[in-house]
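A.B. asks: Got a predicted structure plus its sequence, pasted below:
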Amino acid sequence: MQCADNALGRARLGMAVGARAIGNAVGRNRLRRLIRESFRVNRPTLPPLDLFVTARAAARAAGNREIAASLDRLWQDIRAAR
C-alpha cells in the first residue's frame, strides 16, 4: 500500500494485481472486485488520499473473508494515521 495526499477532498483508489503474484485472470479479477468493494464501503470515512494497493502472492491462496479482513485492517490503519 502506498498513499499520497490529494486536493480533491475524497479518497481515490489505484491497484496493481499482477499475473505473477495472483495467477490467472479469474483470480486477478476476483481480487480486484474485493478491493474495489471494500474501498467503496470504506471510502466515506477515509481521508483525502490517493491510495495504491499492490497484490502480494499470499493473496492467491487467501479466501475472500481473509482478504476482506486484511483490507478492513488496512483502512483502519489509514484512518488512525491521519
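C.D. replies: Sure, I can see it. Numbering: from 1, shown residues only.

A.B. asks: all strands for the protein, in order.
C.D. replies: 2-5, 12-16, 49-54 (DSSP state E).

A.B. asks: Can you tell me which of those is most buried?
C.D. replies: strand 49-54 (a mean of 17; mean count of other CB atoms under 10 Å). Any C-beta I mention is one placed from the backbone N, CA and C, and that applies to glycine too.

A.B. asks: Mind listing the strands that one pairs with, and their directions?
C.D. replies: Strand partners for strand 49-54, identified by DSSP bridges, are recorded as strand 2-5 (antiparallel), strand 12-16 (parallel).

A.B. asks: Of these, which shows the lowest average pLDDT?
C.D. replies: Note on the strands paired with strand 49-54: lowest mean pLDDT is at strand 2-5, with a mean of 92.

A.B. asks: For the strands paired with strand 49-54, give me a markdown table that also has distance to residue 46.
C.D. replies: Converted to a markdown table, these look like this (distance: least, CB to CB, whole Å):
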| stretch | distance to residue 46 |
| --- | --- |
| strand 2-5 | 10 |
| strand 12-16 | 9 |
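
A.B. asks: Which among these is found nearest to residue 80?
C.D. replies: strand 2-5 (13.1 Å; CB to CB).

A.B. asks: what's the offset of the closest one from the middle of its chain?
C.D. replies: Distance of strand 2-5 from the chain centroid (CA atoms, centre = their mean, to the nearest Å) equals 13 Å.

A.B. asks: Perfect, that will be all.
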